[in-house]
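> Build me a model:
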Amino acid sequence: MLLKVLGTAAGGGVPQWNCACRECSGARGDPRRRRRHASLAVEASEGRWYVVNATPDIADQIEGCPELHPGPERRRTPLAGVVLTDAELDHTLGIARLREAERLELLATEAVRDAVLERQHLGDLLAPYTELTWRELPVGGGSGLRGGGGVRGRGAAEPLGTRSTVHVSAIPVSGKRPRYAATDTAESGGSGRWVTALRLTDRSTGRTAVYAPALGAWPEALEEAVAEADCVILDGTFWDDDEPRRSGFSARTATAMGHLPIDGPQGTARRLASLPARCLYTHLNNTNPLVDPAAPQHKALARLGIEVAADGMEIVL
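As a prediction, this is how the structure comes out:
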């Protein structure tokens, strides 16, 4: 199984367009410190890829990843579809950017699909441009990522593709709804399925990866999944619980905002340090000291055997 890290930033990216903090200013001065919105590309079969979350940066992310470039035919693309972990704008706005496709396959839980269609009205908006086809993202079991088909430019022939051995399943980790859907009264398939982690399994090798760019709780199902995983890529939005309040952009703690912090008594670093898997953090907020490569927090994580994911990183399992 081959994974490509397309981005590692939380909402707004690094630098954030309206922020002149030390971290954002540093990223403006040094392009190597810039981070695009958190996303992951997964090779379903040779030459066929799924993208996890469609961020506002998706066009640039595709251009920055040669494996996702179109060709050799003029309108054929290796992008087979999009898997959504949640319905946040930072993870769904890029769907509209893919409107040039003849059709677009999306995998999501019922709650996420309904939010995108009924609250964002994205289906109505894109109907004149492309066809959105939805597949249920299974909780617990697993669904194979399709090796062929998926996204096609108009006029392109249907690719033959090969059967994929990569299966994906969802692990509910939070009932946090996006702000635009906060007044929904319907459960839409269960409130706990608004935010999920993904368990990616290569049936041909038995290797597994867990990807959780947003993490509001640590349920037993997640504990079991990471204990068996070969690679864990986890929500690293905030370094500690008080960071949002200390930075002055929120009156809430990290946990109250739906993100378990890295450090502290309830921090995820302590959990990751005990795992045999390769562990990395992603989805870094612009207030997180980890966006500065010289920050001492990097050494603290390294002593625990934990890494910080980088844009463009390749992970082979």
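
> residues near residue 224, how many?
A count of nearby residues for residue 224, using other Cβ atoms under 10 Å, gives 12. Yep, even glycine has a C-beta here, placed from its N, CA and C like the rest.

> In which helix or strand does it reside?
Secondary structure from DSSP states H and E places residue 224 in helix 220-228.

> So for that helix, what gets flagged as buried?
221-222, 225-226 (16 or more other Cβ atoms under 10 Å).

> Can I get the residues you listed in JSON lines including distance to residue 295 and pLDDT?
What follows is the buried residues of helix 220-228, written out as JSON lines (distance: Cβ to Cβ, whole Å; pLDDT from 0 to 100):
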{"residue": "221", "distance to residue 295": "33", "pLDDT": "96"}
{"residue": "222", "distance to residue 295": "27", "pLDDT": "97"}
{"residue": "225", "distance to residue 295": "29", "pLDDT": "97"}
{"residue": "226", "distance to residue 295": "25", "pLDDT": "98"}
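
> And the furthest pair within those?
Pairwise distances across the buried residues of helix 220-228 peak at 10.0 Å for 221 and 226 (criterion: Cβ to Cβ).

> And the pLDDT at residue 155?
Per-residue pLDDT puts residue 155 at 37.

> what pLDDT does the residue positioned nearest the centre of the chain get?
Taking Cα atoms, centre = their mean, the centroid of the chain lies closest to residue 39, which sits 4.1 Å from it. Residue 39 is assigned a predicted lDDT (pLDDT) of 98.

> pLDDT of stretch 89-105, averaged?
Mean predicted lDDT for stretch 89-105 stands at 96.

> In that stretch, which residues are buried?
90-96, 98, 101, 104-105.

> Out of the residues you listed, name the ones that lie in helices.
Using DSSP state H, 90-92, 94-96 are the members of the buried residues of stretch 89-105 that sit in helices.

> will you turn these into a markdown table that also has distance to residue 144?
Shown next, in a markdown table, are these (distance: Cβ to Cβ, whole Å):
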| residue | distance to residue 144 |
| --- | --- |
| 90 | 27 |
| 91 | 22 |
| 92 | 23 |
| 94 | 24 |
| 95 | 22 |
| 96 | 27 |
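
> Just give me the closest of those residues to residue 43.
Relative to residue 43, the closest of those is residue 94; by Cβ to Cβ it sits at 19.3 Å.

> Quick check: that closest one vs residue 6, distance?
Applying Cβ to Cβ, to the nearest Å, the value for residue 94 to residue 6 is 10 Å.

> any common contacting residues for these two?
Common contacts of residue 94 and residue 6, defined by Cβ atoms under 8 Å, 6 or more residues apart in numbering, comprise 55, 57.

> circling back to that earlier point, show residues contacting the helix holding residue 224.
Outside helix 220-228, the residues touching it (Cβ under 8 Å, 6+ apart) are 140, 171-173, 197, 199, 208, 210, 212, 215, 232, 271-272, 275, 277.

> returning to what we had before: mind listing what the residue nearest to the centre of the chain touches?
Here residue 39 is in contact with 5-7, 51-55, 57-58, 61 (Cβ under 8 Å, 6+ apart).

> Tell me the one of those residues nearest residue 35?
residue 7 (6.5 Å).

> could you give the angle of the helix or strand where residue 211 lies to helix 220-228?
Using DSSP H and E, residue 211 sits within strand 208-212. With axes from the mean of the first three to the mean of the last three Cα atoms, to 10 degrees applied, the angle from strand 208-212 to helix 220-228 works out at 130 degrees.

> helices or strands next to strand 208-212 in the packing?
strand 166-174, strand 195-202, helix 220-228, strand 231-235 (3 or more Cβ pairs under 8 Å, 6 or more residues apart in numbering; DSSP states H and E).

> let's see it at 10 Å
strand 2-7, strand 39-45, strand 166-174, strand 195-202, helix 220-228, strand 231-235, strand 278-282 (3 or more Cβ pairs under 10 Å, 6 or more residues apart in numbering; DSSP states H and E).

> average pLDDT across the fourth one?
Spelled out, it's strand 195-202. Across strand 195-202, pLDDT averages out at 97.

> Pairing partners for that strand, with directions?
strand 166-174 (antiparallel), strand 208-212 (antiparallel) (DSSP bridges).

> Residue 259: which of the ones you listed is closest?
strand 166-174 (9.0 Å).

> thinking in terms of the whole chain, how far from its middle is that closest one?
12 Å (Cα atoms, centre = their mean, to the nearest Å).

> How about that strand, which residues are buried there?
For strand 166-174, by 16+ other Cβ under 10 Å, it's 166-174.

> repeat for stretch 246-262
253-255, 257-262.

> Please apply the same query to stretch 21-30.
Neighbour counts over stretch 21-30 (16+ other Cβ under 10 Å) mark 21, 23-24, 26-27 as buried.

> Would you mind writing the CA trace of it as PDB?
Extracted C-alpha coordinates of stretch 21-30, given in PDB (Å, rounded to 0.1, in the frame of the first residue of the first chain):
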ATOM      1  CA  CYS A  21       1.500  35.600  13.800                       C
ATOM      2  CA  ARG A  22       5.100  34.500  14.100                       C
ATOM      3  CA  GLU A  23       4.400  31.000  12.600                       C
ATOM      4  CA  CYS A  24       2.500  32.400   9.600                       C
ATOM      5  CA  SER A  25       5.000  35.200   9.000                       C
ATOM      6  CA  GLY A  26       7.800  32.600   9.100                       C
ATOM      7  CA  ALA A  27       6.100  30.500   6.500                       C
ATOM      8  CA  ARG A  28       5.600  33.500   4.200                       C
ATOM      9  CA  GLY A  29       9.300  34.200   4.500                       C
ATOM     10  CA  ASP A  30      10.300  30.600   3.900                       C
END
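
> Fine by me, we can end here.
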